[in-house]
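Engineer: for reference, the sequence and a predicted model appear below.
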Amino acid sequence: MRIAYLDCFSGISGDMFLGALLDAGVPFAILQKTVADLNIGATLEIARVDRGGISATKLDVIVNGEKDLPREEFWEKQNRGQEPAIRGQEEGAQWPVASGQTVEAAHSQENRGTHSHEHSHHGTADPSAPLQHPTERETGAQRGPRLRSGRDDKSGLVSGTEVAADHQFHSHTHADGHTHTHGRHLSDILRIIAAAPLSERVKQTAGEIFLALGAAEAKIHNVDLEHIHFHEVGAADAIVDIVCAAVGAESLGVDEFRCSPLNVGGGTVRCAHGVMPVPAPATLELLQGAPIYSGEIQKELVTPTGAAIVKVLASSFGPRPAMTTSTVGYGAGARNFDGHANVLRISVGETAEVQTSASNSGDEQEIAILEANLDDLNPQLIGYIMDLAFAEGALDVYTAPVQMKKNRPGTVLSILAPLELEERLRGLLFRESSTLGVRVRHEKRFALPRHHEQVATPWGEVRMKVAGVNGTPSQYAPEYEDCRRIAQQHHIPLKHVMQEVLRLYLEKRDLEKHLDRKHG
């Protein structure tokens, strides 16, 4: 099976994901054509940059000649009343624009005069030609100062006024004097995507990512999905990030995306609604069920757009699987931290997990079984330990009630894992639980080969897990997470989604059998 593994040790954002795809071999011209087809006044710019000693691809979305300023930097400078820095004097700095103002109004008020801009867009790239990057120094020298209204260039979040070629934005003032500018509705964005000459799979993926973002925002703000204004994701650059992510993922030609635990960063971040904890509320909502942690960098590392991309594309989370790597790509983040490579790494290669044939008894594998008896541990911690074990790569984790000495009710926690993870998971049990001992034994495990098949439904594609003997499917089940996501996004019962997916799969299989007999 051909997979792509995302190393999110420095988080993930839309532009980091696109940079990693380009670095891994996705042709730049494909993304350029996608942006041109969207027709929303945007272009792309790439550069070769250094992040903590790693050479990486940095991609920027340019909208009407303007680039981005990370949102916390924008709001910090705005609150301090500092003069904006000219690019070249301070890396990554742009001129801030007050929330609710147009770029032209702010430019006039500051009496900045007229500036000329030269851009390196690589507009005539040959899809078959090697990707050529200008250096960060070269592109910085070519660009003059640009205005941008507080959009986090790692996430596609907009907290001020967005300038787009095809949409009029409106603003209003709250009772506290806070001016708030709205962007596109979800329906506006989906119409743009539907009208573009993209494959149905790309349209579906991009739509699911925006729906995931909308559902998260709707829950955080306690409003209906239909009433969500994408004031923080509806800008042209965010549409480019998400649609190009779907196009690039399809172009990469992998069967699955898998993802490491995500370093979300820490501290706080200032956005349109004020100071928020990191991860931001929408980000944390999107990453429910995924393993996350906070490292030394106290900045926002995972953005809502990055979280939504991972939520939709990644089939599983955990350590790097056994795979033969053929391509590695690095996508650069906006900031360059001291002693920390701010990059997203993508590894593309083949796994040997799916066997083409099997005996009637299944494929044999030797595994480790780790067990611990727990009678004095808060039950809430048991669920947490189970999540950690799965994130480390456990094959299965389960519990069983037992009656222990002195008639104490207890729990046996069991972990099934590949032999190479035995030591790591044993350490996890000692570190996170109250046990004083862990039992380990090695046993044979026989498993039927399994694979995923895509089932097209009215709400999008769902993976069907299929297992069988000698190539003949004997067991099949819809992937729970796919069905759960659709049920939440479309507000329909989960059982109905699962029943419909199963019906469509069996219908598809019967049709394939009929065609095989007809042409056999």
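Structural biologist: Right, received. Where do you want to start?
Engineer: G41 is in contact with N64, isn't it?
Structural biologist: Yes - contact criterion C-beta atoms under 8 Å: G41 and N64 qualify, at 5.5 Å. Quick note: C-beta positions are derived from backbone N, CA and C, even for glycine.
Engineer: quick one, strands of the stretch 351-500 of the chain?
Structural biologist: Remark: strands assigned in the stretch 351-500 of the chain by DSSP state E, counting those that start in this stretch are 363-374, 396-404, 408-418, 439-447, 450-457, 460-469, 472-478.
Engineer: in JSON lines: those strands, plus distance to R426 and mean neighbour count.
Structural biologist: Converted to JSON lines, the strands of the stretch 351-500 of the chain look like this (distance: least, C-beta to C-beta, whole Å; neighbours: other C-beta atoms under 10 Å):
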{"stretch": "strand 363-374", "distance to R426": "6", "mean neighbour count": "17"}
{"stretch": "strand 396-404", "distance to R426": "14", "mean neighbour count": "13"}
{"stretch": "strand 408-418", "distance to R426": "9", "mean neighbour count": "18"}
{"stretch": "strand 439-447", "distance to R426": "7", "mean neighbour count": "12"}
{"stretch": "strand 450-457", "distance to R426": "28", "mean neighbour count": "17"}
{"stretch": "strand 460-469", "distance to R426": "29", "mean neighbour count": "18"}
{"stretch": "strand 472-478", "distance to R426": "31", "mean neighbour count": "14"}
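Engineer: mind putting the ones you listed into TSV with distance to R431 and mean pLDDT?
Structural biologist: Formatted as TSV, the strands of the stretch 351-500 of the chain follow (distance: least, C-beta to C-beta, whole Å; pLDDT from 0 to 100):
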stretch	distance to R431	mean pLDDT
strand 363-374	12	89
strand 396-404	16	93
strand 408-418	14	93
strand 439-447	16	90
strand 450-457	32	83
strand 460-469	32	83
strand 472-478	34	82
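Engineer: now those strands as JSON lines including distance to P304?
Structural biologist: Shown next, in JSON lines, are the strands of the stretch 351-500 of the chain (distance: least, C-beta to C-beta, whole Å):
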{"stretch": "strand 363-374", "distance to P304": "37"}
{"stretch": "strand 396-404", "distance to P304": "30"}
{"stretch": "strand 408-418", "distance to P304": "33"}
{"stretch": "strand 439-447", "distance to P304": "37"}
{"stretch": "strand 450-457", "distance to P304": "26"}
{"stretch": "strand 460-469", "distance to P304": "20"}
{"stretch": "strand 472-478", "distance to P304": "27"}
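Engineer: so which of those gets nearest V275?
Structural biologist: Ranking those by their distance to V275 (criterion: C-beta to C-beta) puts strand 460-469 first, at 35.6 Å.
Engineer: now do that closest one: distance to the chain's middle.
Structural biologist: 23 Å (C-alpha atoms, centre = their mean, to the nearest Å).
Engineer: what packs against that strand?
Structural biologist: Judged by 3 or more C-beta pairs under 8 Å, 6 or more residues apart in numbering; DSSP states H and E, strand 460-469 is in contact with helix 200-221, strand 450-457, strand 472-478, helix 480-490, helix 494-519.
Engineer: of those, which approaches A20 most closely?
Structural biologist: helix 200-221 (16.4 Å).
Engineer: can you list contacts of that closest one?
Structural biologist: Contact with helix 200-221 is made by 186, 189-190, 193-194, 196, 198, 224-225, 227-228, 230, 232-233, 242-243, 245-247, 249-250, 281-282, 285-286, 304-305, 308-309, 311-313, 460-461, 485, 488-489, as judged by C-beta atoms under 8 Å, 6 or more residues apart in numbering.
Engineer: for it, give the mean pLDDT please.
Structural biologist: If you average the pLDDT over helix 200-221, you get 88.
Engineer: buried residues in it?
Structural biologist: Judged by neighbour count using 16 or more other C-beta atoms under 10 Å, the buried positions of helix 200-221 are 201-218.
Engineer: can you give me the helices for this protein?
Structural biologist: In the chain, the helices defined using DSSP state H lie at 14-23, 28-38, 71-80, 103-109, 136-142, 186-195, 200-221, 236-252, 281-286, 304-313, 379-392, 422-432, 480-490, 494-519.
Engineer: which one of those lies nearest to S260?
Structural biologist: Closest to S260 of the helices of the chain, according to C-beta to C-beta: helix 379-392, at 8.9 Å.
Engineer: residues making contact with the closest one?
Structural biologist: 261, 291, 317-319, 374, 397, 399, 411, 413, 415, 417, 421, 424-425, 428-429, 432-433.
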